[in-house]
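1. this one's sequence-less:
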């Protein structure tokens with residue numbers, strides 16, 4: 001997949017089949033649209049093109065809204081689209097100035113002039129342009145004038161999937177990573193750098209990789225202990241992860257700590273990805289490190305059982 005961040009650098013393609021949207025999480029609802037784009041591109045010996053925006057429009061238009069949490073950073077979104085098989089990804093910087101772009105300008109300047117769109121695929125009730133004034137009906141009525149076909153994914157098809165980014169966020173906020181997995185079609189994940197910790201886990205036989213907190217608006221699942229897969233480079237390891245403030249040792253700040261099973265390497269400064277499989281328990285305070293260690297043994301056995309299954 002070719003990633004393009006400058007509209008002026010978009011190549012001239014023979015038959016671009018295009019869709020656009022924020023695609024936060026690239027969940028199975030989004031995937032229905034993407035599959036259609038790829039299929040129609042192959043049918044016409046053309047190229048599949050996704051237009052997305054970064055930062056997320058709500059971060060720009062409502063900067064005071066600190067409650068917004070995203071399912072994916074732009075890097076994670078890129079990798080999800082790449083793995084899905086999209087040919088070209090155009091990332092448009094979303095600014096307040098861009099938010100004032102009329103639907104007509106979006107069509108003529110971006111879809112027609114910059115991309116040479118031949119077929120536009122959109123989800124039902126998709127809106128675009130200033131104040132979300134652009135619609136499928138507008139595009140359909142003027143498709144001949146614009147020089148490209150328009151195809152809408154029917155409402156019934158999207159409703160049958162029964163998924164939205166909001167549903168996934170709500171599931172993750174209560175630690176229900178299994179529901180998130182079902183809606184995403186893959187494990188929910190976060191990627192971060194391993195940094196120095198206080199090494200308390202090492203003293204009780206459970207050394208952990210301490211992860212730097214991700215970007216402020218990246219959604220972190222609810223506090224608790226999880227069975228996880230850990231990806232380091234091209235390798236994948238079983239593990240368990242604790243998210244929380246570590247009340248047993250009087251911790252105050254949020255920490256992300258992952259214990260990688262049967263692993264003994266120095267990975268400080270490396271980037272790793274954690275995939276959430278199942279929550280083992282909520283965060284709790286134990287009566288000292290010995291009690292904590294005993295629970296961690298139980299957690300480890302449960303994690304092994306889940307991941308082997």
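-> Yep, that arrived. Please read all numbers here as calculations on a predicted model, not as lab measurements.

2. Residue 192 contacts residue 215, doesn't it?
-> No - in terms of Cβ atoms under 8 Å, residue 192 does not count as a neighbour of residue 215; the distance is 9.3 Å. For every residue, glycine as well, the C-beta is placed using N, CA and C.

3. Comparing those two, which residue is more hemmed in?
-> More crowded of residue 192 and residue 215, by other Cβ atoms under 10 Å: residue 192, with 19 against 12.

4. Show me how far the helix or strand that that one is a member of is from its chain's centre.
-> For residue 192, the element it lies in under DSSP states H and E is strand 188-195. With Cα atoms, centre = their mean, to the nearest Å as the basis, strand 188-195 stands 13 Å off its chain's centre.

5. In that strand, which residues have enough neighbours to count as buried?
-> Within strand 188-195, the residues that count as buried by 16 or more other Cβ atoms under 10 Å are 188-192, 194.

6. before we move on, what about stretch 40-55?
-> Result for stretch 40-55 [16+ other Cβ under 10 Å]: buried residues 40-41, 46-55.

7. got it, and stretch 221-236?
-> By neighbour count on 16+ other Cβ under 10 Å, the buried set for stretch 221-236 is 221-232.

8. Can you pick out the ones from the residues you listed that are in strands?
-> Judged by DSSP state E, the buried residues of stretch 221-236 include 224-232 as members of strands.

9. Which residues are in contact with residue 306?
-> Shown in contact with residue 306 (Cβ atoms under 8 Å, 6 or more residues apart in numbering): 227, 277-278, 280.

10. what do you get if the cut-off is 7 Å, keeping everything else the same?
-> 227, 277-278 (Cβ atoms under 7 Å, 6 or more residues apart in numbering).

11. could I get those as TSV with distance to residue 100 and pLDDT?
-> Shown next, in TSV, are these (distance: Cβ to Cβ, whole Å; pLDDT from 0 to 100):
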residue	distance to residue 100	pLDDT
227	47	98
277	44	98
278	45	98
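
12. ok, so of these, who is nearest residue 139?
-> In terms of Cβ to Cβ, no member of these lies closer to residue 139 than residue 277, at 41.5 Å.

13. Which neighbouring elements make contact with the helix or strand hosting the closest one?
-> Secondary structure from DSSP H and E places residue 277 in strand 271-282. Where contact means 3 or more Cβ pairs under 7 Å, 6 or more residues apart in numbering; DSSP states H and E, strand 271-282 is packed against helix 177-184, strand 188-195, strand 224-232, helix 289-308.

14. Okay, now the sheet partners of it, with direction.
-> Applying DSSP bridges, strand 271-282 is found paired with strand 188-195 (antiparallel), strand 224-232 (antiparallel).

15. Among those strands, which comes closest to residue 272?
-> Using Cβ to Cβ, the nearest of the strands paired with strand 271-282 to residue 272 is strand 224-232, at 5.1 Å.

16. May I have the residues that are in contact with residue 94?
-> By Cβ under 7 Å, 6+ apart, the contact list for residue 94 reads 53-55, 57, 60.

17. picking up where we left off before, could the buried residues of stretch 221-236 go into a markdown table alongside distance to residue 271?
-> Below are these laid out as a markdown table (distance: Cβ to Cβ, whole Å):
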| residue | distance to residue 271 |
| --- | --- |
| 221 | 19 |
| 222 | 24 |
| 223 | 23 |
| 224 | 24 |
| 225 | 23 |
| 226 | 19 |
| 227 | 21 |
| 228 | 16 |
| 229 | 15 |
| 230 | 12 |
| 231 | 10 |
| 232 | 8 |
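
18. I appreciate the help and will end here.
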